[in-house]
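Participant: Build me a structure from this.
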Amino acid sequence: MQLRLLFITVWCVFLSYNTQSQELQQNISVHDPVMIKQGATYYLFSTGMGISVWSSADMKNWKKENQIFDKAPQWAVDAIPSFKNHIWAPDISYHKGMYYLYYSVSAFGKNTSCIGLATNATLNPADKNFKWVDHGKIIQSFPGKTNWNAIDPNLITDKKGRPYLTFGSFWNGLQLVKLNKNRLSIAQKPEDFITIASQKQDLKAENPPAVAGNPVDAGGNAIEAPFIFKQGNYYYLFASIDYCCKGVNSTYKMIVGRSVNLKGPYIDKDEKPMAKGGGTILMKGDANWYGVGHNAVCRFDNIDYLVFHAYDAADNGKPKLRVEKLKWDDSGWPSVQ
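Facilitator: Predicted coordinates:
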């Protein structure tokens, strides 16, 4: 009997350990990650069915949480008939007791796209107040009508606390638009959007043609995923250039420029405007990671982190989460620590 009880005890301990190990994962596969902290818990949002969500106590061991949308929002299906609830590039922020989650719905390789918004009073699924409320479409782009693409949103506020949204991928480049105070809608007409970064030397020039094997409609202005971070006297614009989503053939890289004004112009280390093809390389692929990009910058406990995905050479180019410390030199420029 004692031997049997000992066996049962050991087996229960094993099952408990095994269950925990199944729940917590390292080196998770994500795309387009962004992170925020509530209390002692880090929450990661990324591209995925209904928006992928992860939680962690240490930014290393991650638990998969339920997706935001079990079913595709009807407004998104109406706007993009081919949409199947695979949601791209979310952005998370906190303002006056509410979390704001902007997200992208699109048809791949086309600017048939929208940016939507959902809000929640808490990110903790165990909280009785946990409930995502969808506010629908914030911005929409149209083929042949708008020379920009309504994906990859990122919220930033100016020195007076006024909210803006930067977004964009390919076409004419990265855009900036002012939001209304409630952050639920835009406060500018589309013709008044500002192009703050582009790989094109001349914004009035035709979009360059797509490279071989890429969507023709998107063209070859390979810049996307803007993220603006305030540090010292400057706003820093991070972006990704070249090509993601190609596994071992990915050429993604991160660039950065800065401006004393949120609206720009953003200038790189060589004093070249990012709106005219500028951008200092912050990080690029190597023998271990084929491409790196679509980053966010997060400050936790006075430490700055670069959060991004990279294509793992040791795992057939599978996209993996990377979190690296970011440091600032004496001239105020960032580098990966």
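
Participant: Tell me where the model's unsure across the stretch 201-337 of the chain.
Facilitator: Along the stretch 201-337 of the chain, the model assigns pLDDT under 70 to no residue.

Participant: Tell me where it has helices.
Facilitator: Read by DSSP state H, counting those that start in this stretch, the stretch 201-337 of the chain holds no helices at all.

Participant: Strands of that one, start to end?
Facilitator: 223-231, 234-241, 253-259, 280-284, 289-300, 303-312, 318-328, 334-336 (DSSP state E, counting those that start in this stretch).

Participant: Can you say which of these is packed in most?
Facilitator: strand 234-241 (a mean of 25; mean count of other CB atoms under 10 Å). C-beta: built from backbone N, CA, C; applies to glycine.

Participant: what's in contact with that one?
Facilitator: The contact list for strand 234-241 (CB atoms under 8 Å, 6 or more residues apart in numbering) reads 156, 166, 174, 196-197, 199, 222-230, 252-262, 264, 266, 274, 279, 282, 293-295, 297, 332, 334.

Participant: distance of the nearest residue to residue 288 once chain neighbours are set aside from residue 250?
Facilitator: Distances taken as CB to CB, 6 or more residues apart in numbering put residue 313 closest to residue 288, at 5.3 Å, once the chain neighbours are dropped. Per CB to CB, to the nearest Å, residue 313 is found 10 Å from residue 250.

Participant: Mutual contacts of the two, please.
Facilitator: With CB under 8 Å, 6+ apart, residue 313 and residue 250 have common neighbours residue 290.

Participant: So between those two, which is more surrounded?
Facilitator: Counted by other CB atoms under 10 Å, residue 313 and residue 250 do not tie: residue 250 has more neighbours, with 22 against 15.

Participant: My read is that the more buried one contacts residue 317, right?
Facilitator: Yes. Counting by CB atoms under 8 Å, residue 250 sits close enough to residue 317 to count as a contact (6.6 Å).

Participant: Need the overlap of contacts for the two.
Facilitator: The contact lists of residue 250 and residue 317 share 290, 311, where a contact means CB under 8 Å, 6+ apart.

Participant: Contacts only, for residue 42.
Facilitator: Taking CB under 8 Å, 6+ apart as the contact definition, residue 42 lies against 35, 36, 55, 56, 57, 58, 59, 300.

Participant: Could you export those residues as TSV, including distance to residue 76 and secondary structure?
Facilitator: Shown next, in TSV, are the contacts of residue 42 (distance: CB to CB, whole Å; DSSP: H, G, I helix; E, B strand; the rest coil):
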residue	distance to residue 76	secondary structure
35	24	strand
36	23	strand
55	25	strand
56	29	strand
57	33	coil
58	34	coil
59	31	coil
300	32	strand
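
Participant: Rebuild those residues as JSON lines, extending it with distance to residue 117.
Facilitator: Compiled in JSON lines, these are given as follows (distance: CB to CB, whole Å):
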{"residue": "35", "distance to residue 117": "19"}
{"residue": "36", "distance to residue 117": "15"}
{"residue": "55", "distance to residue 117": "22"}
{"residue": "56", "distance to residue 117": "25"}
{"residue": "57", "distance to residue 117": "28"}
{"residue": "58", "distance to residue 117": "30"}
{"residue": "59", "distance to residue 117": "26"}
{"residue": "300", "distance to residue 117": "24"}
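
Participant: Filter those down to the buried ones and hand me the PyMOL line.
Facilitator: PyMOL command restricting the contacts of residue 42 to the buried ones, with burial defined by 16 or more other CB atoms under 10 Å:
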select buried, resi 35+36+55+56+59
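
Participant: closest to residue 133 among the contacts of residue 42?
Facilitator: Proximity of the contacts of residue 42 to residue 133, judged by CB to CB, is greatest for residue 36, which lies at 17.5 Å.

Participant: Now the closest one: closest residue in space that isn't a chain neighbour?
Facilitator: residue 92 (4.7 Å).

Participant: so what's the one you found bridging to?
Facilitator: Counting by DSSP bridges, residue 92 forms beta bridges with residue 101.

Participant: Could you pull up the residues touching it?
Facilitator: 34, 35, 36, 43, 45, 99, 100, 101.

Participant: and what of residue 262?
Facilitator: 156, 158, 159, 164, 176, 228, 235.

Participant: Narrow those residues to just the buried residues.
Facilitator: In the contacts of residue 262, burial by neighbour count holds for 156, 164, 176, 228, 235, counting by 16+ other CB under 10 Å.

Participant: what's across from the last one in the sheet?
Facilitator: In this structure, residue 235 bridges to residue 230, residue 259 when assessed by DSSP bridges.

Participant: same deal with the third one?
Facilitator: When bridges are called by DSSP bridges, residue 176 pairs up with residue 166, residue 194.

Participant: Make 55 the first number, not 1, from now on.
Facilitator: Taking 55 as the first residue, the last one we looked at is residue 230.

Participant: Give me the pLDDT for it.
Facilitator: pLDDT recorded at residue 230 is 98.

Participant: tell me the contacts of it?
Facilitator: Shown in contact with residue 230 (CB under 8 Å, 6+ apart): 218, 219, 220, 247, 248, 249, 250, 316, 317, 318.

Participant: Which one of these is nearest to residue 377?
Facilitator: Comparing the contacts of residue 230 against residue 377 with CB to CB places residue 220 closest, at 22.0 Å.
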